[in-house]
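K.L.:
Prediction below, plus the sequence it came from.
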Amino acid sequence: MFIRQIHYLLALAKTGHFGRAAEISHVSQPALSTAIQHLEEELGITIIKRGQRYQGFTEEGERVLQWARILAQNWEGMRQAAAQYSQQLTGVLRIGAIPTTLAVTPLLTGPCQAEYPGIAIKLVSLCAEELIRQLDSFELDLGLTYLEDHRLKGFKTLPLYRERYVVLARNPAPSLLNKPLGWGDIAGFPLCLLTQNMQNRRLIDAAFREANVTPNVMLETDSIFALYAHVRSAGLYSVVPHSLLSQFELHQEVTALALTPELAREVGLIVRRQDLLSPIQDAAWRIAQQLDLQQRFDSLIAIGKQPPQFLT
């Protein structure tokens with residue numbers, strides 16, 4: 001009963017509505033309200049502000065809510081451990097990823113589900129700030145993000161690869177293939193880039209500022225695959241992380257050109273630092289340690305004549 005009360009409390013905090021909390025908890029609204037009232041009686045405090053409708057948590061209730069999240073996480077870890085001991089690890093692995101790393105996630109989730117078929121994956125795209133917040137409040141198990149972030153103090157990190165940025169072009173002029181391309185060289189190209197609220201775009205804008213040039217941005221989008229489509233079909237150029245190249249349906253006329261000075265960032269997994277990872281977190285972390293993503297992605301930027309063609 002106590003664990004159910006904890007989950008009802010978390011459902012109410014998530015939805016901010018007794019009816020919707022009861023719905024996602026698969027119980028009636030009176031049953032959920034009564035369970036929370038019993039929890040208040042047991043703890044001897046008022047957790048929920050009550051009026052004609054839900055009015056939020058009391059100050060004491062907010063503190064109880066923090067402990068409830070920890071208890072729910074520990075309960076799920078214990079349940080997973082019991083399943084692991086019977087060699088049937090099950091549960092939901094909740095992963096948050098910044099948008100430009102989403103295409104990389106199958107390289108982790110695939111091996112996880114191959115080794116543990118009972119694991120389900122919940123994958124969400126988040127900005128770095130929201131990803132960190134949800135990890136800190138036990139709403140996520142793992143995060144995939146840039147590791148050069150001062151906000152990651154207190155998090156355990158696992159470097160997976162160093163992301164290198166390349167110019168994506170369709171049938172580039174021969175003159176572009178005979179010399180290293182600088183940021184000043186591509187500033188005048190008709191460019192399509194991600195929108196300015198995205199961290200990837202901010203990195204690229206910083207590189208142009210460092211080169212003291214203003215890029216000719218013809219199109220902005222929040223979709224990586226829209227960038228590729230406009231390179232291939234609209235004659236635009238783009239700057240993308242080389243980790244994405246394996247996910248595009250590249251053809252011989254589409255070329256990846258290396259940039260100098262190189263723009264690169266460390267990408268990896270992060271988890272809330274705690275004494276004991278849950279079995280499902282531990283399993284995913286162990287599998288991630290065995291991946292060789294750097295070699296896989298770097299191999300996509302190589303001189304060659306067969307399609308797809310990548311040049312440095």
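P.N.:
Received it, and whenever you're ready, just let me know what you need. Numbers count the residues shown, from 1 in each chain.
K.L.:
Spatially nearest residue to residue 227 (excluding sequence neighbours)?
P.N.:
With CB to CB, 6 or more residues apart in numbering as the measure, residue 238 is the residue that lies nearest to residue 227, at 4.5 Å, once sequence neighbours are left out. In this view, the C-beta of every residue, glycine as well, is placed from N, C-alpha and C.
K.L.:
any idea which helix or strand carries the one you found?
P.N.:
With the criterion set as DSSP states H and E, the secondary-structure element containing residue 238 is strand 238-241.
K.L.:
Equivalent analysis for residue 46, please.
P.N.:
Take DSSP H and E as the rule and residue 46 turns out to sit in neither a helix nor a strand.
K.L.:
the helices in this protein, which residues?
P.N.:
In the chain, helices defined by DSSP state H lie at 2-15, 18-25, 29-43, 59-85, 106-115, 128-136, 174-177, 183-186, 199-210, 224-234, 279-289, 293-298, listed in chain order.
K.L.:
Output those helices as JSON lines; include the columns mean pLDDT.
P.N.:
Conversion of the helices of the chain to JSON lines gives the following (pLDDT from 0 to 100):
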{"stretch": "helix 2-15", "mean pLDDT": "86"}
{"stretch": "helix 18-25", "mean pLDDT": "87"}
{"stretch": "helix 29-43", "mean pLDDT": "86"}
{"stretch": "helix 59-85", "mean pLDDT": "80"}
{"stretch": "helix 106-115", "mean pLDDT": "94"}
{"stretch": "helix 128-136", "mean pLDDT": "93"}
{"stretch": "helix 174-177", "mean pLDDT": "77"}
{"stretch": "helix 183-186", "mean pLDDT": "94"}
{"stretch": "helix 199-210", "mean pLDDT": "93"}
{"stretch": "helix 224-234", "mean pLDDT": "90"}
{"stretch": "helix 279-289", "mean pLDDT": "92"}
{"stretch": "helix 293-298", "mean pLDDT": "88"}
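K.L.:
And those: which comes nearest residue 143?
P.N.:
Closest to residue 143 of the helices of the chain is helix 128-136 (CB to CB; 4.7 Å).
K.L.:
what residues does that closest one touch?
P.N.:
Helix 128-136 is contacted from outside by 96-98, 126, 140, 142-143, 145-146, 149, 151-152, 155, 199, 270-272, using CB atoms under 8 Å, 6 or more residues apart in numbering.
K.L.:
go again using 6 Å as the cut-off
P.N.:
Among residues not part of helix 128-136, those counted as contacts by CB atoms under 6 Å, 6 or more residues apart in numbering are 96, 98, 140, 143, 145, 151, 272.
K.L.:
Could you give the number of residues near the closest residue to the last one other than its chain neighbours?
P.N.:
This means residue 272. With CB to CB, 6+ apart as the criterion, residue 272 has its nearest non-adjacent residue at 5.1 Å, and that residue is residue 135. Neighbour count of residue 135, defined by other CB atoms under 10 Å: 22.
K.L.:
Residue 99 now?
P.N.:
Residue neighbour count, defined by other CB under 10 Å, stands at 16 for residue 99.
K.L.:
Roughly how far does the residue lying closest to it once chain neighbours are set aside sit from residue 298?
P.N.:
For residue 99, the nearest residue in space outside its immediate sequence neighbours is residue 125; the separation is 5.1 Å by CB to CB, 6+ apart. Distance, residue 125 to residue 298, using CB to CB, to the nearest Å: 25 Å.
K.L.:
again, but for residue 196
P.N.:
Taking CB to CB, one finds residue 196 at 29 Å from residue 298.
K.L.:
what does residue 40 give?
P.N.:
In terms of CB to CB, residue 40 sits 57 Å off from residue 298.
K.L.:
and the residue nearest to residue 39 when sequence neighbours are not counted, how many residues sit next to it?
P.N.:
In space, and not counting its chain neighbours, residue 39 is closest to residue 5: 4.4 Å by CB to CB, 6+ apart. By the criterion of other CB under 10 Å, residue 5 has 19 neighbours.
K.L.:
which neighbours does the strand holding residue 238 have in its sheet, and in what orientation?
P.N.:
According to DSSP bridges, the neighbouring strands of strand 238-241, each with its direction, are strand 155-170 (antiparallel).
K.L.:
Next, the angle from the partner strand to helix 279-289.
P.N.:
When axes from the mean of the first three to the mean of the last three CA atoms, to 10 degrees is applied, the directions of strand 155-170 and helix 279-289 differ by 50 degrees.
K.L.:
Now do strand 155-170: everything it contacts.
P.N.:
With CB under 6 Å, 6+ apart, strand 155-170 has contacts from 147, 186, 231-232, 237-243, 253-258, 263-271, 273, 288, 293-294, 297.
K.L.:
Identify the bridge partners of the residue nearest to residue 227.
P.N.:
Under the criterion used (DSSP bridges), residue 238 bridges to residue 168.
K.L.:
Quick check: the gap between it and residue 150.
P.N.:
Between residue 238 and residue 150 the computed distance is 29 Å (CB to CB).
K.L.:
which one of the two has more residues nearby?
P.N.:
Legend: neighbour count by other CB under 10 Å for residue 238 and residue 150, higher for residue 238 (23 against 5).
K.L.:
Many thanks, we can stop here.
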